[in-house]
Every structure is written in C-alpha cells, then in structure tokens.
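> need coordinates for the following:
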Amino acid sequence: MEPLQLKITFLFLLFVVTLLAGIFPVKLLQILRKQVTSDKKRRRWPSITLCSLSCFNGGVFLATCFLHLLPEVREDLLVIKRLFNWDSDYPLAELISCLGFFLVFFIEEMVTFCLSRRRAKRMAQEENVVVQQNEENPSRNIASDRRDYQVVEMLTVTNSETHRHPTGSVEEDPLLCVGLKLHPHNHEVRSLTFLVALSVHSLIEGFALGVQTNNESVIALFLSIVIHKCIVAFGVGVQLARTHVRKFQLILLFMIIFAAMTPVGCSIGISLHQGSMQTSTRSMVNMVLNGLSVGTFLYVTFFEVFHHELENCENNLLKLLSAIIGFSTISFLRVLNHDHGHLGHDHSMHDMLNSTFFENSTITP
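Next comes the predicted model:
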C-alpha cells in the first residue's frame, strides 16, 4: 500500500476511534447515575468511580501539559534560536504558556461578566413588569405576596436540606454527590476554550502525520497518535459529561469537532507536502499555539478538575492515586514513543520534518 493510501485509511480510523473514545464516558456516566438513583445501598461506589475518573483525567491533562506540550514549545524555540542565531536564556516558552493561562482566565471572566449583566438586566425588566401589574391590579397583591412567601419558604427549606449533606447526599442530583458546583456559564466558556486548545494541538499532530514519506514512519506515528488521543478523548468525554448534564447533542458536537481535527491537520500536511514553507514560520506558529495550549491545559486541570474534586474532602487518597495513575499513563507513553519523538517532539522529529517537508524549500529566517 502506498503511503498516501495508508494516510487516508488512518484518517478515517483516527476519526472513528477518537469519537468512540470520547462518547464512551457519556454512556458510562449515564450508567453510574442510574446506579445512584436506583439502588440506595450501592450509591457510594458510583460516586467514588466518578471521582476517580475525574482525577485520572486531571493527571492525564497535567502530564499532557508538562510532558507533551511544553517540551514541544521548548523544542520549537530551540529551532528558532538556531535559525536566527539568537542566544538568550529568557524562558520564552514558559512565558507564552503563562500568557495562555491568563488569556483563558480573562476570557472566562469577561464572558461571565457580560452574561451576568445581561441576566441582571433581564431580571430587572421582569421585576418592573410585575410591579406594573400589581399597580394595575391592587387586589392581587395579597395573593401574590402569599405565593412569594411560600416560594421563599420552600427555597429556604431546600437550601437547609442541601447544607445538611455537604459531602454528597443521595437526595441531591447524582453529579453533586462528588462535590461539583454547577456554574453553567463558566463551564460553557471553559469547555469552549479547552476544545479550541485541543483542536489546535490535534491539527499540529495531524500535520506531522501528513508529511511522512514512508509506510514505517506513518504507521509508527499513527500508533502513537491514536493511543494518546484515545486517552485524552476519554478524559475530555468525562469532563464534558460531568459539566454538561443532559446535553448529549452538545457533547457529541464537541467530540466530533475534536475527533475531526487530526484528520484535517493530516489532510493539510498531505496537500502541502510538495509545497514550500519556511522552517522559522512553522516553528513560530507551533510554538505560539502549543504555548497557549499549555496555559489552557493548566487552567482546566486546576480550576475545572482538581478544584472541584478537592471541595469534597472524602477519598482524597484515592483521588490522588487516580491522578498519579493518569499522569503515569502519559509518562509511560512518553517513554514508549521517545525513539521516534512524537510525544516528546524531540530533535529527531525536527530532523525528520526538515528532511522531508522542507527538502524542496529554501530555509531562510
């Protein structure tokens, strides 16, 4: 089979396998929720399982950040320094990563602020309508006040019941039993920014696959990508299923976009394989995009995963163990793939790209 035919076959396999790996956690969490609501004696283990999966994902994301993305940023920075004869020890890779962190923080706060103002304005308008109706119909004020009092009383009782079960009561929504506080707007923004970061990185992964010239390198790179993407897709699926309860269509849309990014990147790499592109330009783009992705991974890992899990003080040792297992999984894959340099993005990767994709181009700063 020719390398081009092999790449096209792997495009479809990557999409299907990644999509299935991302959708599987949704069905798994549905089963766990049914266990929580159906069997009172077996409600504890689904919560523990969900916590463990979430912390496992946190470990995967943390390892992806420091063992996968950040080394790629540093490696691209070394290429740029070599091309421009730039001798500086300034931690530019770390700076770009922190800028990505603050960028996500800023975007989330701005969106939350705008949505809060819109919600407050809408509530004020509704309140004005109620006041006008009461002024026009004074006889309804007493009945309205009674209903308002009953609503407030019901809310007070509900809140008091909720505070009696800080570690997760069986009377609460199954998701709340693991200490997750739902903030819909925040989760929407974080999910979107996280999806963008993952998609950008997946494009770069697919691009590296698309520029390979022989079957051996295509197969080796495909195996490393598909294993890594399945683990990350599983983690993304768990997070989306937890933060977007009963929004399967939205989760499916996110996972389709994420699964399609690597094939799209591979297609771009195939189409541009005979073209020309400056090494410095490619390295700069990769460095900036991967650096911003590092910041996004950091933000989501600590603010979206570990923060919510640590709010619930139960089974912290098990959560820590799950996070270590997730981190170790990516670390082990990093060791396995070190020889052909995909997960580590080491010097062999740059040498391979420079000798294949850029063999017909003029390398000039």
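
> excluding covalently adjacent residues, which one is nearest to residue 287?
The spatially closest residue to residue 287, leaving aside those adjacent along the chain, is residue 76, at 3.9 Å (C-beta to C-beta, 6 or more residues apart in numbering). From N, CA and C alone the C-beta is placed, and that goes for glycine too.

> I meant to write residue 105 there.
Once flanking residues are discounted, residue 105 sits nearest to residue 299: 6.4 Å by C-beta to C-beta, 6+ apart.

> the one you found: which element?
Under the criterion of DSSP states H and E, residue 299 resides in helix 279-299.

> list the buried ones in that helix?
279-280, 282-284, 286-299 (16 or more other C-beta atoms under 10 Å).

> OK, contacts around the residue nearest to residue 287?
283-284, 286-287, 290 (C-beta atoms under 8 Å, 6 or more residues apart in numbering).

> roughly how far does residue 101 sit from residue 12?
35 Å (C-beta to C-beta, to the nearest Å).

> neighbour count winner among those two?
A count of neighbours by other C-beta atoms under 10 Å puts residue 101 above the other of residue 101 and residue 12, at 18 against 10.

> so what's residue 237 up against?
Taking C-beta under 8 Å, 6+ apart, one finds 21-26, 251, 255 in contact with residue 237.

> would TSV of the residues you listed with neighbour count, distance to residue 238 and pLDDT be doable?
As requested, those are exported to TSV (neighbours: other C-beta atoms under 10 Å; distance: C-beta to C-beta, whole Å; pLDDT from 0 to 100):
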residue	neighbour count	distance to residue 238	pLDDT
21	21	11	89
22	27	9	88
23	21	11	89
24	16	9	88
25	24	4	83
26	19	9	82
251	23	11	85
255	23	12	89
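
> with distance to residue 216 added, can I get those in a markdown table?
Formatted as a markdown table, those follow (distance: C-beta to C-beta, whole Å):
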| residue | distance to residue 216 |
| --- | --- |
| 21 | 25 |
| 22 | 29 |
| 23 | 32 |
| 24 | 31 |
| 25 | 33 |
| 26 | 36 |
| 251 | 37 |
| 255 | 31 |
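
> which one of those sits closest to residue 58?
Nearest to residue 58 among the contacts of residue 237: residue 25, at 14.2 Å, using C-beta to C-beta.

> tell me which element that closest one falls in.
Secondary structure from DSSP H and E places residue 25 in helix 3-38.

> and that helix, what's buried?
In helix 3-38, counting by 16+ other C-beta under 10 Å, buried: 3, 6-8, 10-11, 14-15, 17-19, 21-26, 28-29, 32-33, 35-36.

> ditto for stretch 207-226
Buried residues in stretch 207-226, counting neighbours by 16+ other C-beta under 10 Å, are found at 207-212, 217-218, 220-222, 224-226.

> and the strands in the protein?
With strands called from DSSP state E, the chain shows none.

> now for the longest helix along it, which elements pack on it?
As assigned by DSSP state H, the longest helix anywhere in the chain is helix 92-136. For helix 92-136, the packing partners by 3 or more C-beta pairs under 8 Å, 6 or more residues apart in numbering; DSSP states H and E come out as helix 70-84, helix 184-210, helix 279-299.

> could you give the angle of it to helix 279-299?
Interaxial angle of helix 92-136 relative to helix 279-299 (axes from the mean of the first three to the mean of the last three C-alpha atoms, to 10 degrees): 50 degrees.

> so for helix 92-136, mean pLDDT?
Taken as a whole, helix 92-136 carries a mean pLDDT of 80.

> could you do stretch 303-318 as well?
Rounded mean pLDDT across stretch 303-318 is 78.

> swap in stretch 198-212?
77.

> again, but for stretch 266-285
72.

> for it, measure first residue to last.
Terminal residues of stretch 266-285 are spaced 17 Å apart (C-alpha to C-alpha, to the nearest Å).

> repeat that for stretch 241-255.
End-to-end distance of stretch 241-255: 11 Å, with C-alpha to C-alpha as the criterion.

> in it, what counts as buried?
Here stretch 241-255 shows 241-245, 247, 251, 254-255 as buried, counting by 16+ other C-beta under 10 Å.

> again, but for stretch 258-274
Under the neighbour-count criterion of 16+ other C-beta under 10 Å, stretch 258-274 has 258-267, 269-270, 273 buried.

> from those, which is closest to residue 335?
Distance to residue 335, by C-beta to C-beta, is smallest for residue 262 among the buried residues of stretch 258-274, at 22.3 Å.

> how close does the closest residue to that closest one other than its chain neighbours sit to residue 220?
Counting by C-beta to C-beta, 6+ apart, residue 206 is the residue found nearest to residue 262 once chain neighbours are left out, at 3.9 Å. Per C-beta to C-beta, residue 206 is found 15 Å from residue 220.

> go on, residue 329?
Taking C-beta to C-beta as the measure, residue 329 and residue 220 are separated by 19 Å.

> burial measure for residue 84, as a count.
Residue 84 - counted by other C-beta under 10 Å - has 10 other residues nearby.

> thought it was touching residue 280?
Yes: counting by C-beta atoms under 8 Å, residue 84 touches residue 280, with 7.1 Å between them.
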